[in-house]
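Engineer: A structural model of the following input is requested.
(one chain, ligands or ions: 1)
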Amino acid sequence: MRITFYDAKPYDVESFESAARELSWDLKFFDVHLTEDTAELARGSEAVCAFVNDKITAPVIDRLCDCGVKVIALRCAGYNNVDIAYAQGRIPVVRVPAYSPYAVAEHAMALLLTSVRRIHKAYIRTRDFNFSLNGMMGFDLHGKTVGVVGTGKIGRVFIDICRGFGMDVLAYDKYPAKDLSVRYVSLEELFRKSDIISFHCPLTEETYHMVNRETVEVMKKGVILINTSRGALIDAEALLQGIKDRKIGATCLDVYEEESEFFFRDISGHILNDDTLARLLGMPNVIVTSHQAFLTKEALENIAKTTLDNIRDIVENGSSINEVR
Ligand code: NAD
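Structural biologist: Sure, this is the predicted structure:
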């Protein structure tokens with residue numbers, strides 16, 4: 001079995017080589033996006049393994065099929081980057097629906113605490129022997145209202161963490177869970193009443209730009225937004241304007257709509273070719289991590305194991321429970 005990996009980073013190589021140790025499979029790793037041009041690298045492979053920023057469009061799917069590829073294996077949960085409708089009947093697409101909801105939910109809380117207690121600023125100050133506390137005042141999370149959009153695997157863990165901090169939780173989900181004891185409200189009410197809003201729903205046509213000029217208008221003054229889901233849930237221009245207007249108090253982003261050109265790469269020696277991102281990064285109340293919420297040892301182990309199982313199931317048995325339909 002030969003698998004061609006795209007967007008492969010050293011941590012991917014390590015986790016997949018370790019998970020495939022017992023198998024005599026040929027794993028080929030490339031640090032380039034999967035595109036119409038790079039699809040050719042997969043010729044002779046049974047499977048390709050792609051990540052969140054590989055845009056798997058109809059022409060890419062055609063090229064992969066031409067190259068004899070039998071399965072597209074996403075080593076992530078979200079699949080908004082794949083033209084699933086076009087893939088149907090042409091090539092199976094599998095994903096890793098769950099690998100560690102804790103990794104992402106804990107990262108969301110880490111971002112929130114960093115922002116609220118100014119840890120990012122304290123870290124830099126004290127390294128420079130600046131022990132002044134001026135401008136470092138935070139606020140208690142205890143007693144604040146947090147709105148959680150999407151109460152699936154990650155949203156639930158985040159709710160539990162917030163409850164541990166003594167926060168009041170409001171939730172919105174298009175498909176509210178029957179087995180979850182939480183106060184579901186409309187999205188409008190959640191936006192209106194929350195001091196902090198954290199997004200844990202998938203990117204779909206419906207959730208695209210759910211934070212926009214109109215919805216920012218409805219939110220509380222000083223609201224903190226946390227997005228560890230997908231960048232395009234937030235209209236970045238509206239976010240920037242909300243921050244400039246002092247309506248949005250702080251923002252924690254692990255994802256950004258136009259991230260595919262920048263995230264997961266070291267472009268520190270280059271000019272950042274995105275004025276909106278540059279402006280956001282220049283704001284004292286914005287924290288950005290580059291799509292790293294998933295990046296824990298446990299998550300990587302689970303991703304590698306499930307991805308290899310998914311590929312084997314498709315190639316050897318013709319079906320997988322993790323096929324996206
Ligand atoms: P999940 O499928 O378990 O839960 C998603 C929830 O969103 C479900 O309860 C669903 O009913 C709800 N939902 C669907 N449409 C909605 C809508 N229109 N409005 C509100 N809620 C809606 O998924 P999960 O494992 O909890 O992951 C959530 C998202 O987190 C993923 O879609 C992915 O985009 C993102 N994610 C990010 C990272 C990262 O590293 N930053 C890692 C994993 C997942």
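Engineer: report the separation between residue 4 and residue 258.
Structural biologist: Applying C-beta to C-beta, to the nearest Å, the value for residue 4 to residue 258 is 26 Å. For the C-beta atoms, the positions are set from N, CA and C on the backbone; glycine is no exception.
Engineer: comparing the two, which shows the higher neighbour count?
Structural biologist: residue 4 (27 against 14; other C-beta atoms under 10 Å).
Engineer: and the pLDDT for the residue in the stretch 51-200 of the chain positioned nearest to the ligand?
Structural biologist: Among the residues of the stretch 51-200 of the chain, residue 152 lies closest to the ligand, at 1.7 Å counting by C-beta to the nearest ligand atom. Listed pLDDT for residue 152 reads 97.
Engineer: now it, nearest residue through space, not along the chain?
Structural biologist: Distance criterion C-beta to C-beta, 6 or more residues apart in numbering; nearest residue to residue 152, sequence neighbours excluded, is residue 200 at 6.6 Å.
Engineer: in this structure the one you found contacts residue 155, no?
Structural biologist: Yes - applying C-beta atoms under 8 Å as the test, residue 200 and residue 155 come out as touching, 3.7 Å apart.
Engineer: can you list residues touching both of the two?
Structural biologist: Common contacts of residue 200 and residue 155, defined by C-beta atoms under 8 Å, 6 or more residues apart in numbering, comprise 105, 148-149.
Engineer: among those residues, name the ones in helices.
Structural biologist: Applying DSSP state H to the shared contacts of residue 200 and residue 155, the entries found in helices are residue 105.
Engineer: let's see if you can find the most crowded of the shared contacts of residue 200 and residue 155.
Structural biologist: For those, the largest number of neighbours (other C-beta under 10 Å) sits with residue 148, at 28 neighbours.
Engineer: wait, residue 149 touches residue 203, no?
Structural biologist: No - counting by C-beta under 8 Å, residue 149 stays clear of residue 203, with 12.0 Å between them.
Engineer: residue 31: neighbour count?
Structural biologist: 14.
Engineer: distance between the ends of stretch 270-289?
Structural biologist: One end of stretch 270-289 to the other measures 18 Å (C-alpha to C-alpha, to the nearest Å).
Engineer: neighbouring contacts of that stretch?
Structural biologist: Residues outside stretch 270-289 that contact it (C-beta under 8 Å, 6+ apart) are 107, 111, 114-115, 120-121, 236-237, 239-240, 243, 249-254, 256, 258, 261-262.
Engineer: likewise for stretch 101-110?
Structural biologist: 153-158, 161-162, 198, 200, 226, 228, 252, 254, 289, 292-296, 298-299.
Engineer: in stretch 100-110, what counts as buried?
Structural biologist: Across stretch 100-110, burial judged by 16 or more other C-beta atoms under 10 Å covers 100-110.
Engineer: same thing with stretch 115-127?
Structural biologist: Buried residues in stretch 115-127, defined by neighbour count with 16+ other C-beta under 10 Å: 115-116, 118-119, 125.
Engineer: what of stretch 187-198?
Structural biologist: Across stretch 187-198, burial judged by 16+ other C-beta under 10 Å covers 187, 190-198.
Engineer: and residue 11, what is it in contact with?
Structural biologist: 295, 300.
Engineer: host element of it?
Structural biologist: When elements are defined using DSSP states H and E, residue 11 is found to belong to helix 10-19.
Engineer: now, of the contacts of stretch 270-289, which are buried?
Structural biologist: The neighbour count (16+ other C-beta under 10 Å) marks 107, 111, 114-115, 236, 239-240, 243, 249-254, 256, 262 as buried among the contacts of stretch 270-289.
Engineer: isn't residue 84 right up against residue 93?
Structural biologist: Yes - counting by C-beta under 8 Å, residue 84 touches residue 93, with 6.3 Å between them.
Engineer: which neighbours do the two have in common?
Structural biologist: Taking C-beta under 8 Å, 6+ apart as the criterion, residue 84 and residue 93 both touch residue 324.
Engineer: the more surrounded of those two?
Structural biologist: Using other C-beta under 10 Å as the criterion, residue 84 and residue 93 rank with residue 93 on top: 25 against 14.
Engineer: residue contacts, the more buried one?
Structural biologist: The contact partners of residue 93, taken as C-beta under 8 Å, 6+ apart, are 56, 71-72, 74, 79, 82, 84, 87, 323-324.
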